[in-house]
Every structure is written in structure tokens, then in C-alpha cells.
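*Asks:* Pasting the sequence and the predicted model now:
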Amino acid sequence: QVQLVESGGGLVQAGGSLRLSCAASGRTFSTYAMGWFRQAPGKERDFVAAISWSGGSTYYADSVKGRFTISRDNAKNTVYLQMNSLKPEDTAVYYCAAGSFLVDGSSWQRRRYDYWGQGTQVTVSS
């Protein structure tokens, strides 16, 4: 069992930056692939980024490539999402998730993730 708690959301102007954190409980954190998803009002929950258990492999949605960076610190049981050059369309609730799979081109699929956090709101003003 893994429990996930996101933090770091807030209100930022377009072009600004935020760093989200996701703290995980449990001693098996380092064995899980981790992902970030986001959900805007009235829309589906969309994939943002994923990282392998070791941190050696990452995968991004096209909409955030070059602007967002996912990373993890297994010693701290934490995964991060550094978000730069934020746009109003990045406004959403951001969720972290954990799953037991190898990060590849199918990492965007929600069904691959077994555990989810409660989310943190990110609002980007124009």
C-alpha cells in the first residue's frame, strides 16, 4: 500500500514557475514508477509525465515537453514536477500516481497506476 500526498500548488502568473512535490509513504516507494496527471474543470484527467523507479527513464506529454521536468528522490520518498513557462492552459488539479510497470510509451494510461494522491490546485493567470 502506498499513500501519496501532493503539495506545492498555487496561483502563478503566466510565464512563471512552480514546483510540485508528492510525498509517498511506505518503504517500497523506490520500486514504483511515478506519474503526474492533471484535470481541468469539465475535462478528462490527462497524463503529464512519468518517471521510472530509478529515475533513469522519463516520459512526457507533448504539451509539456521542454517546460516541465519530473524527478524523484528515493531517499526522501518524493517525486517532483518542476513547471516552467507556465501557461493559462496549464491550470488544473495536479495528481501524482504510482504504479508497478516499466516506463515506456504507454505510461500515459491511467489504468497502469495503482495509487493516486488527492491532488493540488495549480492556477495560472494571464
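*Replies:* That came through, no problem.

*Asks:* what about the strands in this protein?
*Replies:* Assigned by DSSP state E, the strands in the chain fall at 4-7, 10-13, 18-24, 33-39, 45-51, 58-60, 68-73, 78-83, 92-99, 115-116, 120-125.

*Asks:* Show me what the longest one is packed against.
*Replies:* The one in question is strand 92-99. Where contact means 3 or more CB pairs under 8 Å, 6 or more residues apart in numbering; DSSP states H and E, strand 92-99 is packed against strand 4-7, strand 18-24, strand 33-39, strand 78-83, strand 115-116, strand 120-125. The C-beta positions use only the backbone N, C-alpha and C, and glycine is treated the same way.

*Asks:* Tell me which residues are up against it.
*Replies:* 2, 4, 6, 9, 20, 22, 24, 29, 32-40, 43, 45, 48, 79, 81, 110, 112-122 (CB atoms under 8 Å, 6 or more residues apart in numbering).

*Asks:* Same check on stretch 42-60?
*Replies:* Contacts of stretch 42-60 (CB under 8 Å, 6+ apart): 30-39, 61, 64, 68-72, 74, 79, 81, 92, 94-95, 102-105, 107-110.
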